[in-house]
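Novice: Turn this into a structure:
(chains A, B and C)
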Amino acid sequence: MRTLRFLLVKEFKQIFRNRTLLPMIFLMPLIQLLILPLAADYEIKNINVYVVDHDKSTFSRDLISMIISSGYFKLVDYDSSYKRALSEVERNKADLILEIPNDFERNLNRDRVQKVFIAINAINGTKAGLGGSYLSTILKEFNKNIVMELDHSFDGKKALKRIDVVNSNWFNPYLDYKTFMVPAILVILVTMIGAYMCSLNIVKEKEIGTIEQINVTPIKKHVYVLGKLIPFWIIGMGVFSIGFFVISWGVYGIVPIGNILLLYGYLALYLVALLGFGLLVSTYAENQQQAMSVAFFFVMIFILMSGLFTPIESMPEWAKWIAKGNPVTYFIEVMRMVVLKGSGYRHIQNHFLIMMGFAVVLNFWAIANYRKTS
Amino acid sequence: MRKEFYHVFRDNKTLLLLFGLPVAQIVLFGFALTNEIKNSKIVVADHARDEVSFQIIEKLSASRYFEIESTLLNNAEIEEYFKRGDIKLAVVFPNKLQQELSSDHVSQIQVIADATDPNTASTLTSYVSSIINDYQQDLNISLGFPVQIVPEVRMLYNPNLKGTTNFVPGVMALVLLLVCVLMTSVSIVKEKEKGTMELLLVSPMQPFVIIISKAIPYFFLSLINLTVIVIMSVFLLGMPLKGSVVLLYTMSSIFILCALSLGLLISNSTNSQQAAMLISLMGMMLPTVLFSGFMFPLENMPLPLQWFANIVPSKWYYNMVKAIMIKGVGITAIWKEATILMGMTIVLLIISFKKFKIRMS
Amino acid sequence: MEKEKVISVSGLTKKFGDFTAVNGITFDVYKGEIFGFLGANGAGKTTAMRMLCGLLSPTSGDATVAGFDLYKQTEKIKTKIGYMSQKFSLYEDLTVKENITFYGGIYGLGNRELKFQSKRLIESLGLQSEANQLVGSLPLGWKQKLAFSVAVIHKPSIVFLDEPTGGVDPITRRQFWDLIYEAVKNDITVFVTTHYMDEAEYCNRISMMVDGDIAALDSPSNLKQGHGVDSMDEVFYNLARTAKRKSD
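Specialist: Sure, this is the predicted structure:
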């Protein structure tokens, strides 16, 4: 234990003496946390629609004004050339083309059935899907309206059956995307700091040769590893706390509903697991460049396969398993559950067990792989 | 300059990491990432237990968007399910659904979404609504519903709405940018740390030749990387390659040069490998993901952030790759992006040389 | 007079793949002597030393260091030895005092002992005014002297020095050897590798390594006599000429 104290004193002095690194460790994540959630907004509005109207009738004009007034769409142009419309899509000026055929109004009056054509730039699948479904909803609405207009005599009107869908959005009634993103981005930033700093640390000592001097001392392996882990654990706690209380709570006004102690308990455990991962990378790598590439690789996977941006349920089976083997997934889930939904310990019991598993395996692996004798 | 190639190629383990990891990432993310929302777990609370509710539940479970986790009888259980986390939505049927429909012609179904994720919540809600709407329409057609507009929808470029077309170019831009920036900045800073930079500086070579010669091997490495990535994404991930390969490579070269210049700039502003790496990875990863536009639509962002996105090189590259590979356009459609990237490269190079000279004197 | 063995090595071998760096060397080191390990670059000196320090595990052969078995009691050995590598291995971003405290601390020195030792050490090195300066800012010679003093701060039975005076000016080298003699007076056995032949003269006994083997082992004067030459330089040339391995 005495040895550990000396190690810690040394690590802290080295970290806090580094005038270029220290501000980066604290400022970079916090600035990002302040700005990035503003950029991470998924609500799709402002879909650019190009209307090709061959009919130019009252009906078609009514339909168009209904589309524009819905708030989801922005009219790029109103024209009668599909070719021009398509070239606008190519130039990324338009996302969606609505083509109203000749005799739209007349056919509706006569045949009662009429097609309209919708072409969607589907490179971004979600936007395409949502855009299409918004437009279909508007068409249905329009349809209902003209039923009234065309068929005053229609007597089935009263007999029409209607099922209203009443929807309520729990936990986030205003559908604020920031509420969803801020806690998760905080997780990612803490993860990056922890993983990068920690994975570089032991390997740096390898590169400058000081590790040899340590290895000829009778120091215990686990004490040395602890000595490396604790400082970054404390830094991780610090960065998280500032991000959580100052930015998430203070700036974005996200008041945690659940128990903060529970959250911190999980954070503490998570950091142990994460730093264990960093140390593991560090013990395998021969130089900082290698450690960096490996850490970069895994952090990318941690971030992109964690359900942060894209839903895990939609991934193929094998990818779901990767997501399940990703500690970040669990912490993001716990964050969102405890902070936004107020989940209690019994709801996240499994998460605790799994993270405990990660922590134990990664750290023991790191200790085992750190060899004083090569 | 030959020395640089030796450096890069002699270290086999690093080399493997340089090539292997980006390729693995492209494949992994190309397959795994999609914004589509499907297979979402929902619960239903069926208080009606009549023909109508059964039919609607049937329709819900037939949809690929939903997996019905369980059927409850009690509203209080819903919250418990939400808090445990894996349920996204609950559909609550009223007591006398069928009865109300036939007597009053109107009834209500409640849809409760876990809106912590607003996107999933609103998408799923709209899926449920449209399923119920369809059901309602079916009911009414039998009554002789009078007029119908039938939308015929065509999905351009990506008929199956796969995530690949969106994410592969995005991940390409992301990986190429980060790898180039990271490797150049770190390799130069490493020489500074070890003191070998001074050795080069006292040599008769021009400083900018030294700097360029550090960057060139990484330029070629990145081109090889690009080739592997393109081959993988076309043959393994089924990305289309409609446009000209030459154009793709020309544009990629400009982008890689831009990334390398950024790496140079970072290396000129830092003194330790750790700092260089923190800036290149910590500082750039999330902004690149967010401001390229492949994760979140740029047009949703507040205006200042949209302006900011304009100085993120990967945004322009991402647009170009999409345009070339998927839409198959020619240079006329993307000259703007190309010019901007070239401009950025030149500005970055000028700044780094300025900085370099200041340090020398 | 029966001399006490502090290092006893028999048939110690280290192979890296096909390459045999150290080829079954056998020797003893006695308490209180300065034992020199000489040889060209790449002859296997450093490899042999790193095995004895427990930094590298041997391929075969036996050794005891400070009475402990090299295989089974590696960590016990480490309490009894000090080591100074050819790469400077103190923390450049810590001050002189902090380095001393740190290494003293992990060797388990008590607080009082630590205070006393660091004061004594700083005074004897004449570093009073630099005590709170970062080690990175000191000139190389001072760093090396400091590194040596730190390596013996816990009063080990043996100190291993791997080319301790590389790149240091002649005056500092003399001062460095004064430190070594001082350590010997305090009952520390010194095991040193070097390729400075004048330094070889300072040793009690010398082993010459050529291509992973010990080509000769004796006191400097006996070696010179045996080869019929006047200086260690010539002894070295005579032996090293037979080397097949390229020095790097």
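
Novice: how many neighbours does residue 177 have?
Specialist: No chain was given, so I picked chain A. 20 (other Cβ atoms under 10 Å in any protein chain shown). Every residue, glycine included, has its C-beta placed from N, CA and C.

Novice: ah, I was thinking of chain C
Specialist: C:Trp177 - counted by other Cβ under 10 Å - has 17 other residues nearby.

Novice: Ok, A:Leu38 next?
Specialist: Residues near A:Leu38, counting by other Cβ under 10 Å, number 17.

Novice: anything in the helix or strand hosting it near chain B?
Specialist: Element membership of A:Leu38 [criterion: DSSP states H and E] is helix A:21-39. Yes: residues of helix A:21-39 contacting chain B under Cβ under 8 Å from any Cβ of the partner chain: A:21, A:24-25, A:28-29, A:32, A:35-36, A:38-39.

Novice: most surrounded residue in the residues you listed?
Specialist: A:Pro29 (26 neighbours).

Novice: ok, and the closest non-adjacent residue to it?
Specialist: Closest residue in space to A:Pro29, ignoring its immediate chain neighbours: A:Leu189 at 3.7 Å, by Cβ to Cβ, 6 or more residues apart in numbering or on different chains.

Novice: orientation of the host helix or strand of that neighbour relative to helix A:21-39 in degrees?
Specialist: Secondary structure from DSSP H and E places A:Leu189 in helix A:177-208. On the basis of axes from the mean of the first three to the mean of the last three Cα atoms, to 10 degrees, helix A:177-208 is oriented at 150 degrees to helix A:21-39.

Novice: how many other residues sit next to B:Leu15?
Specialist: B:Leu15 has 13 neighbouring residues, counting by other Cβ under 10 Å.

Novice: should've said B:Asp114
Specialist: 28.

Novice: quick one: which two of the residues of helix A:21-39 next to chain B are the most distant?
Specialist: A:Leu21 and A:Leu38 (27.2 Å; Cβ to Cβ).

Novice: pLDDT weak spots in the chain?
Specialist: Here I'm looking at chain A. For chain A, the stretches with pLDDT under 70 are A:42-45, A:125-126, A:148-160.

Novice: my bad, the chain I had in mind was chain B
Specialist: In chain B (pLDDT under 70), the answer is B:1-14, B:73, B:141-148, B:160-161, B:196-205, B:207, B:357-361.

Novice: Please name every helix or strand in contact with the one helix or strand A:Val147 maps to.
Specialist: Taking DSSP H and E as the criterion, A:Val147 maps to helix A:125-150. The contact analysis (3 or more Cβ pairs under 8 Å, 6 or more residues apart in numbering or on different chains; DSSP states H and E) places helix A:125-150 against strand A:47-53, helix A:58-69, strand A:96-100, helix A:104-110, strand A:113-121, helix B:118-141, strand B:148-156.

Novice: sorry, back to before: what's near enough to touch the residue nearest to A:Pro29?
Specialist: A:29, A:32-33, A:239, A:243, B:286 (Cβ atoms under 8 Å, 6 or more residues apart in numbering or on different chains).

Novice: and the spatially closest residue to A:Ala285 that is not a sequence neighbour, how many neighbours?
Specialist: What sits nearest to A:Ala285 in space, not counting adjacent residues and going by Cβ to Cβ, 6+ apart, is A:Ala291, at 3.7 Å. Residues near A:Ala291, counting by other Cβ under 10 Å, number 29.

Novice: do A:Lys228 as well
Specialist: 22.

Novice: got a list of what it touches?
Specialist: By Cβ under 8 Å, 6+ apart, the contact set of A:Lys228 is A:7, A:11, A:198, A:201-202, A:279.

Novice: Helix or strand next in line after the strand or helix carrying it, which one?
Specialist: Assigned by DSSP H and E, A:Lys228 falls within helix A:221-241. Next in sequence after helix A:221-241, counting helices and strands by DSSP H and E, comes helix A:260-284.

Novice: Name the residues of the stretch 251-374 of chain A found near chain B, please.
Specialist: A:286-290, A:292-297, A:299-301, A:303-305, A:309-311, A:313-316, A:319, A:322, A:333, A:336-337, A:340-344, A:347-348.

Novice: re the thing from before, specify the next element, helix or strand, located C-terminal of the helix holding A:Val147.
Specialist: Using DSSP H and E, the helix or strand that follows helix A:125-150 in sequence is strand A:162-170.

Novice: now that next one, how far from the centre of its chain.
Specialist: Distance, stretch centre to chain centre, for strand A:162-170: 27 Å (Cα atoms, centre = their mean, to the nearest Å).

Novice: ok and it relative to helix B:118-141, angle-wise?
Specialist: Angle, strand A:162-170 to helix B:118-141, by the same axes, to 10 degrees: 170 degrees.

Novice: Run a quick neighbour tally on A:Ile188.
Specialist: If we define neighbours as other Cβ under 10 Å, then A:Ile188 has 26 of them.

Novice: Contact partners for it?
Specialist: A:302-303, A:306, A:308, A:328, A:332, B:286.

Novice: The helix holding A:Leu38 packs against which elements?
Specialist: Counting contacts by 3+ Cβ pairs under 8 Å, 6+ apart, helix A:21-39 packs against helix A:2-17, helix A:177-208, helix A:221-241, helix B:273-277, helix B:285-291, helix B:303-309.

Novice: Format those as JSON lines; extra columns: distance to B:Ile331.
Specialist: Formatted as JSON lines, these follow (distance: least, Cβ to Cβ, whole Å):
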{"stretch": "helix A:2-17", "distance to B:Ile331": "51"}
{"stretch": "helix A:177-208", "distance to B:Ile331": "37"}
{"stretch": "helix A:221-241", "distance to B:Ile331": "46"}
{"stretch": "helix B:273-277", "distance to B:Ile331": "35"}
{"stretch": "helix B:285-291", "distance to B:Ile331": "25"}
{"stretch": "helix B:303-309", "distance to B:Ile331": "23"}
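
Novice: Next, whichever residue of chain C sits closest to chain B: secondary structure please.
Specialist: Closest approach between chain C and chain B, counting by Cβ to the nearest Cβ: C:Asp93, at 10.3 Å. Three-state assignment for C:Asp93 (DSSP: H, G, I helix; E, B strand; the rest coil): coil.

Novice: quick one: it and C:Ser137 touch, right?
Specialist: No: using Cβ atoms under 8 Å, C:Asp93 is not in contact with C:Ser137, being 10.3 Å away.

Novice: All set now, cheers.
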